[in-house]
Every structure is written in C-alpha cells, then in structure tokens.
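show me how the following folds:
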Amino acid sequence: MRGVPEALLTTAATTASLLVLAGVATLTGLPLFALPFAASAAIVALAPASPLAQPRNVVLGHVVGAAVALGAATILGPSVWTAAIAAGLSTAPMLLLKVPHPPATATVALVGLTAPDPLFLVSPVLVAAAVVVATGIVLGRLIPARRYPVSTR
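Take a look at the predicted model:
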C-alpha cells in the first residue's frame, strides 16, 4: 500500500488514536492528552513497526523518564533548568534499558518544570501510556496493514 491510500489509512489511524486519548481524558478528567502522550499516540499510529513505538518503549520510556524528572525536581526544585537537566539525564536509563522513546523526553521536561506529586507516575503517565499502547494494539488488530506491536528484538 503506497501513496494516497496509505496516507489516508495512516491519517485515520492517527486521528483514531488521538480521539481515543482525548475521549479517555474527557471521561476520566485525567490530563492524558498532554502533548507528550499525543506525540506517543502519533508515533504508534504513524510508525507502528518502529522500535521507538513498541509498547515497552512507550510505557517504560515515559515512566522511567518521569521518575528521573521527579528525582531532579525534588533535589533542584521545578524550573526550566531542572527540566533541561532531567531531560538530558533521562537519556541514559532509556538507552540502558533499551526503551528509547522521544516523546518521553517531553514528559520529563514537563515534570521538571512543574514538580508534580509522585503519583503523577501512575496518573497520568502510566495510564496515558497504557491507553496509547492499547489503542495501537486495537488498531493493529482492526487494520491488518498496521500490525502492532511487532517484535524488534
């Protein structure tokens, strides 16, 4: 599948992913539609075979990165400097755990800027990542050309 049909299918999958994320956010009142999670939903929909889009990368990338940022914000306080340091430092655990996920860096920066309660790791970070992955799995079952997840190891 190439050209216009692929563009239409990918656009539909991306829009569906973002609508599910927005719908769950609206129903629960949780801030799940924060920009990092919207970016994750787009990566899963646009490039479902990419190693960066795989469930382990999406979930652990966001959770590990947010944990690094919570630690940095606890020590340094919330600021743009903390956000920058935490975002840079979050690269090492993502690489060592083999779970790089670029949108997670935006989660790290957000946490470094705001220093939310540690429960932020669960809600919205873990919940949003799970919604993104679950939506990708459902789309991967409904649309054969969008298989997700794929084995990258």
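
can you point out the buried residues in the helix or strand of the chain with the lowest mean pLDDT?
One helix or strand of the chain scores below all others by mean pLDDT, DSSP states H and E: helix 3-28, with a mean of 92. The neighbour-count check on helix 3-28 (16 or more other Cβ atoms under 10 Å) flags T10, A13, T14, A16, S17, L18, V20, L21, V24, A25 as buried. C-beta here means a position set from N, CA and C on the backbone, and glycine is covered the same way.

reformat those as TSV; add distance to A41.
Output for the buried residues of helix 3-28, formatted as TSV (distance: Cβ to Cβ, whole Å):
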residue	distance to A41
T10	13
A13	10
T14	7
A16	9
S17	4
L18	5
V20	8
L21	5
V24	11
A25	11
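
contacting residues for the residue nearest the centre of the chain?
Nearest to the mean C-alpha position of the chain, counting by Cα atoms, centre = their mean, stands S40 at 3.8 Å. Going by Cβ atoms under 8 Å, 6 or more residues apart in numbering, S40 touches V58, H62, H101, P103, A104, A128, A129, V132.

what about it, distance to P5?
For S40, the distance to P5 (Cβ to Cβ, to the nearest Å) stands at 25 Å.

next, L46: phi, psi?
Backbone torsions of L46, given as degrees, to the nearest 10, read phi -80, psi -40.

residue contacts, it?
T10, A13, T14.

can you list those residues in a markdown table and add distance to S50?
Formatted as a markdown table, those follow (distance: Cβ to Cβ, whole Å):
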| residue | distance to S50 |
| --- | --- |
| T10 | 13 |
| A13 | 14 |
| T14 | 14 |
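
for L139, state which of these is nearest.
Nearest to L139, judged by Cβ to Cβ, of the contacts of L46 is A13 at 5.3 Å.

got a list of what the closest one touches?
Here A13 is in contact with A45, L46, L139, I143, R146 (Cβ under 8 Å, 6+ apart).

quick one: the helices in the chain, in order.
3-28, 35-46, 55-76, 80-89, 91-96, 102-114, 127-142 (DSSP state H).

could those helices be laid out in JSON lines, adding distance to V150?
Formatted as JSON lines, the helices of the chain follow (distance: least, Cβ to Cβ, whole Å):
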{"stretch": "helix 3-28", "distance to V150": "15"}
{"stretch": "helix 35-46", "distance to V150": "11"}
{"stretch": "helix 55-76", "distance to V150": "10"}
{"stretch": "helix 80-89", "distance to V150": "28"}
{"stretch": "helix 91-96", "distance to V150": "19"}
{"stretch": "helix 102-114", "distance to V150": "18"}
{"stretch": "helix 127-142", "distance to V150": "9"}
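
done for today, thanks.
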